[in-house]
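Chemist: Prediction below, plus the sequence it came from.
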Amino acid sequence: MESTSRLKQPPWRPRSVEAAGWMVVIALILTVVWAGKDLFIPLVIALIGVYLIKVLERWISCIKIGGRSLPQSISLLFAFVSVIALSYVLFSIIADNAMRVAEMTPKYHTRIVAIQGKVFQLIGTEQPPAMRQFLGSLDIPGLLALVATNLAGLLKTTTLIIVFAVFLLLESRFIPSKIEALFPGDSRRDRVRAMLRRIDHDIQTYFGVKTAVSLVTALLSYAVMRAVGLDFAAFWALLVLILNFIPTIGSILATILPGLLALVQFESWTPFVILVIGITVIQQTLGSFIEPNLMGMTLNLSPLVVVISLMLWGMLWGVVGMFLCVPITVIMVIILANFPGTRWVSVLLSKEGKIQV
């Protein structure tokens with residue numbers, strides 16, 4: 001009896017070993033993703049770019065000229081050139097305007113020091129020496145120049161992104177035949193196709209709704225900025241459009257940054273109050289009410305998971321990771337839900353624990 005009990009393993013041991021194995025695998029994957037970010041970031045951007053190109057190609061192919069649709073090759077070429085050109089123009093505008101704002105910030109910095117002195121005078125306390133030292137050493141032009149430099153550095157990788165995109169487009173033609181070869185059984189093949197259709201639908205819904213809501217938010221914010229006479233209103237509106245793709249933090253920054261400029265640009269507090277209240281109302285109305293209703297349960301992500309994903313990918317890949325965190329997490333949830341061994345992970349990542357398989 002004693003030898004038999006020694007040979008028999010406790011029921012928790014296999015699960016603990018499996019959990020430890022998964023932790024090691026995840027740690028290795030995160031290490032590789034972080035160490036190879038110079039390669040993975042252009043690759044992931046190229047993947048998303050190719051996806052947007054394919055969606056745009058489908059839309060263009062629906063256009064009929066003389067009762068006939070455009071050839072697939074023409075639609076694909078037009079979509080490819082449009083996405084690349086639009087991306088280049090957007091990043092160029094942001095980088096150029098960031099440098100222009102940086103040139104104007106010395107006079108703004110003087111106003112910042114004066115304003116914070118008045119604030120402490122109103123509340124009847126002395127300004128802490130640490131804050132005085134911080135404001136004195138604050139290099140706002142340097143920060144904006146750093147943003148412009150990073151954007152310019154991203155533009156330098158455009159060639160690598162385009163190369164990846166071209167090969168991915170060429171490779172996409174053979175995906176159906178590869179699925180046929182990998183999954184000869186009809187049931188497994190249909191399941192893989194259904195999973196790919198869900199990924200396509202959910203990601204297309206995310207990008208479509210997010211782009212539409214962000215565009216409306218940027219246009220309405222631009223109207224408010226122009227109404228109060230804010231400097232570089234077009235630049236800040238474009239920044240609002242892009243920042244809205246970053247969950248939670250993006251909308252906060254899209255409100256704070258123009259508000260700070262209004263605070264230091266105008267002598268009166270009225271433009272600052274109007275701007276902050278106006279953009280906040282726009283952000284809350286579109287982001288908290290309209291966008292969730294349009295998204296519905298399509299993404300089915302827990303808000304806590306979105307925040308953790310934002311922090312994780314932000315640490316791994318910086319600002320680019322913040323933009324990509326939601327699409328990456330959505331794909332993970334969908335894929336994990338289609339395998340019995342990992343379905344529980346998908347349930348934990350979901351919003352209400354309801355997983356569609």
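Modeler: Yep, that arrived. What you are looking at is a predicted structure, and each value in this text was computed from that prediction instead of being measured.
Chemist: chain center to stretch 311-322, what's the gap?
Modeler: 9 Å (Cα atoms, centre = their mean, to the nearest Å).
Chemist: Equivalent analysis for stretch 303-316, please.
Modeler: Distance of stretch 303-316 from its chain centroid, counting by Cα atoms, centre = their mean, is 11 Å.
Chemist: in it, what counts as buried?
Modeler: The neighbour-count check on stretch 303-316 (16 or more other Cβ atoms under 10 Å) flags 305-306, 309-310, 313-314, 316 as buried. (C-beta placed from N, C-alpha, C; glycine too.)
Chemist: Now render the residues you listed as TSV, adding secondary structure, pLDDT and distance to Val50.
Modeler: As requested, the buried residues of stretch 303-316 are arranged in TSV below (DSSP: H, G, I helix; E, B strand; the rest coil; pLDDT from 0 to 100; distance: Cβ to Cβ, whole Å):
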residue	secondary structure	pLDDT	distance to Val50
Val305	helix	82	26
Val306	helix	80	25
Ser309	helix	85	22
Leu310	helix	84	24
Trp313	helix	87	20
Gly314	helix	85	24
Leu316	helix	86	22
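Chemist: Dump those residues into TSV; add distance to Pro340 as well.
Modeler: Formatted as TSV, the buried residues of stretch 303-316 follow (distance: Cβ to Cβ, whole Å):
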residue	distance to Pro340
Val305	21
Val306	26
Ser309	24
Leu310	29
Trp313	27
Gly314	32
Leu316	29
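Chemist: Ser75 and Lys64 touch, don't they?
Modeler: No - using Cβ atoms under 8 Å, Ser75 is not in contact with Lys64, being 11.7 Å away.
Chemist: Mind checking which of the two has more residues around it?
Modeler: Ser75 (20 against 9; other Cβ atoms under 10 Å).
Chemist: Show the model's pLDDT score for the more buried one.
Modeler: For Ser75, the pLDDT comes out at 83.
Chemist: Which phi and psi values does the residue lying closest to Val276 once chain neighbours are set aside adopt?
Modeler: If you skip the residues right next to it in sequence, Val276 has Gly259 as its closest partner in space, 4.4 Å away by Cβ to Cβ, 6 or more residues apart in numbering. Backbone geometry at Gly259, expressed as degrees, to the nearest 10, gives phi -60, psi -40.
Chemist: who touches Gly259 in this structure?
Modeler: Contact analysis of Gly259 by Cβ atoms under 8 Å, 6 or more residues apart in numbering lists 272, 275-276, 279.
Chemist: now, among these, which is nearest to Leu324?
Modeler: For the contacts of Gly259, the minimum distance to Leu324 (Cβ to Cβ) is 25.0 Å, reached by Ile279.
Chemist: what helices or strands is the strand or helix carrying the closest one leaning on?
Modeler: Per DSSP states H and E, Ile279 falls inside helix 270-284. Packing partners of helix 270-284 (3 or more Cβ pairs under 8 Å, 6 or more residues apart in numbering; DSSP states H and E): helix 186-228, helix 249-265.
Chemist: Could you provide these in TSV, with additional columns for mean pLDDT and distance to Ile328?
Modeler: Listed next are the helices and strands packed on helix 270-284 as TSV, based on pLDDT from 0 to 100; distance: least, Cβ to Cβ, whole Å:
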stretch	mean pLDDT	distance to Ile328
helix 186-228	84	10
helix 249-265	82	16
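Chemist: Pipe those helices into CSV and attach distance to Ile60 per row.
Modeler: Below are the helices and strands packed on helix 270-284 laid out as CSV (distance: least, Cβ to Cβ, whole Å):
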stretch, distance to Ile60
helix 186-228, 15
helix 249-265, 30
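Chemist: Which of the ones you listed has the highest mean neighbour count?
Modeler: Comparing the helices and strands packed on helix 270-284 by mean neighbour count (mean count of other Cβ atoms under 10 Å), helix 249-265 ranks first with a mean of 19.
Chemist: Report the angle between that one and helix 270-284.
Modeler: 170 degrees (axes from the mean of the first three to the mean of the last three Cα atoms, to 10 degrees).
Chemist: which sections of the chain are below the confidence cut-off?
Modeler: 1-16, 18-19, 95, 99, 101-103, 105-156, 295-300, 338, 353-357 (pLDDT under 70).
Chemist: can you give me the strands for it?
Modeler: Counting by DSSP state E, the chain has strands at residues 64-65, 68-69.
Chemist: Ser346 is nearest to which of those strands?
Modeler: Here strand 68-69 is closest among the strands of the chain (Cβ to Cβ), at 38.4 Å.
Chemist: That closest one pairs with which strands?
Modeler: Strand 68-69 has the following strand partners under DSSP bridges: strand 64-65 (antiparallel).
Chemist: okay, the strands of the chain in JSON lines with distance to Arg197 next?
Modeler: Listed next are the strands of the chain as JSON lines, based on distance: least, Cβ to Cβ, whole Å:
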{"stretch": "strand 64-65", "distance to Arg197": "26"}
{"stretch": "strand 68-69", "distance to Arg197": "22"}
